[in-house]
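Participant: quick one, fold the following:
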Amino acid sequence: MRNLLPGMFKYQSIGFNVTYIIIGGHVELEKYRYLYFVIILTVYVLIISCNSTIVCLIWTHRNLHEPMYIFIGALLINSVLWSTVIYPKLLIDFLSEEQTISYSACVLQFHMFYSLGASEYYLLAAMAYDRYVSICKPLQYPTIMSKSTISTLLILAWTLPASQVAIPAGLSANTQLCSFTIRNIFCNNTIYKLQCIITKAQMIRYMLILVTLLIMPAFFILFTYTRILRISFRSNREVRKKAAQTCLPHLIVLTNFSCLFVFDVIIVRLDSNIPNTLKLIMTLQLIIYNPLFNPIIYGLKMKEISKHLKRLVTRAKQC
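Facilitator: So this is what the prediction gives:
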């Protein structure tokens with residue numbers, strides 16, 4: 001049996017209730033639904049194609065089986081996973097009469113969105129450490145960056161954020177709701193605005209998780225690259241060139257992703273003061289820009305990847 005409450009869909013069945021949240025961040029969906037669908041589908045296909053191409057190049061060429069390129073491949077796989085959390089549901093919503101999601105699925109999307117987002121920071125931190133050892137301790141590099149070290153860093157980059165974001169996600173799943181409409185096109189931290197009460201203990205817990213997941217890795221990355229720059233400027237021209245070629249793409253990606261994260265915070269904090277159209281544009285930048293930007297940066301700026309990419313394009317033209 002279906003009971004319709006103000007702003008909420010609740011489906012009752014024998015033994016359980018399912019609460020549905022209305023996704024209310026779409027702008028003129030009835031008018032532009034097919035245009036939205038084509039644009040987002042095209043972007044999603046491009047994200048999968050561009051990231052997968054670079055990952056396949058790293059996988060198939062033995063000279064790219066080095067820690068730096070393995071971390072780049074992991075970062076691009078993470079971008080595809082992060083996009084997959086958002087895009088399929090968006091495409092379904094564009095063609096649906098009702099833009100709704102069950103609250104449990106909304107919490108799951110929230111968990112995956114932020115755990116994979118934090119994994120990007122951890123992977124960038126692992127790449128910063130790899131560059132530090134390569135440039136500042138070149139003789140010890142093969143010993144320090146062994147296969148076991150790489151495997152450990154990759155496992156930690158995905159499991160630590162997932163386990164920590166599970167805490168606020170689990171708490172959100174069991175809280176009482178006073179609102180049933182989110183003013184966004186997917187479930188990010190706007191789900192907190194659905195809750196009746198957020199206690200001080202919850203806020204402190206959320207701040208500690210934020211520091212652990214984002215601020216600490218960001219400071220570690222900045223500290224590491226500062227050390228690299230100091231040592232590079234004291235060294236010969238060849239070392240400075242190597243540092244610039246390998247570190248610059250990572251710093252560009254870090255800056256880009258950090259700006260997008262700030263956008264995400266601003267959107268939620270100023271939720272009631274931002275027009276729906278402007279908020280939609282900012283949200284689309286968040287979910288489109290970074291997954292497309294990463295493979296372009298690494299494909300063009302990393303010398304070895306760029307070389308193999310050019311060969312691939314030449315072969316494709318010949319065929």
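Participant: shaky segments in the chain?
Facilitator: Low-confidence segments of the chain, defined by pLDDT under 70: 1-18, 239, 267-273, 319.
Participant: which residues in it form helices?
Facilitator: For the chain, the helices defined by DSSP state H cover 29-60, 67-95, 103-136, 141-144, 147-173, 200-210, 216-234, 237-269, 276-301, 303-318.
Participant: and those helices, which is most packed in?
Facilitator: Most buried of the helices of the chain by mean neighbour count (mean count of other Cβ atoms under 10 Å) is helix 103-136; its value is a mean of 22. Using the backbone N, CA and C atoms, a C-beta is placed for each residue, glycine as well.
Participant: run the angle between that one and helix 237-269 for me.
Facilitator: 160 degrees (axes from the mean of the first three to the mean of the last three Cα atoms, to 10 degrees).
Participant: gap between helix 103-136 and the chain center?
Facilitator: Remark: helix 103-136 is offset 7 Å from the chain centroid, using Cα atoms, centre = their mean, to the nearest Å.
Participant: and that helix, what does it pack onto?
Facilitator: strand 16-23, helix 67-95, helix 141-144, helix 147-173, helix 216-234, helix 237-269 (3 or more Cβ pairs under 8 Å, 6 or more residues apart in numbering; DSSP states H and E).
Participant: turn the helices of the chain into JSON lines, columns for distance to residue 184.
Facilitator: Below are the helices of the chain laid out as JSON lines (distance: least, Cβ to Cβ, whole Å):
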{"stretch": "helix 29-60", "distance to residue 184": "14"}
{"stretch": "helix 67-95", "distance to residue 184": "11"}
{"stretch": "helix 103-136", "distance to residue 184": "10"}
{"stretch": "helix 141-144", "distance to residue 184": "43"}
{"stretch": "helix 147-173", "distance to residue 184": "15"}
{"stretch": "helix 200-210", "distance to residue 184": "18"}
{"stretch": "helix 216-234", "distance to residue 184": "24"}
{"stretch": "helix 237-269", "distance to residue 184": "8"}
{"stretch": "helix 276-301", "distance to residue 184": "6"}
{"stretch": "helix 303-318", "distance to residue 184": "35"}
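Participant: tell me who's in contact with the nearest residue in space to residue 37 that is not next to it in sequence.
Facilitator: Nearest residue to residue 37, sequence neighbours excluded (Cβ to Cβ, 6 or more residues apart in numbering): residue 94, at 4.3 Å. Contact partners of residue 94, counting by Cβ atoms under 8 Å, 6 or more residues apart in numbering, are 29, 33-34, 36-37, 40.
Participant: sweet, I'm off.
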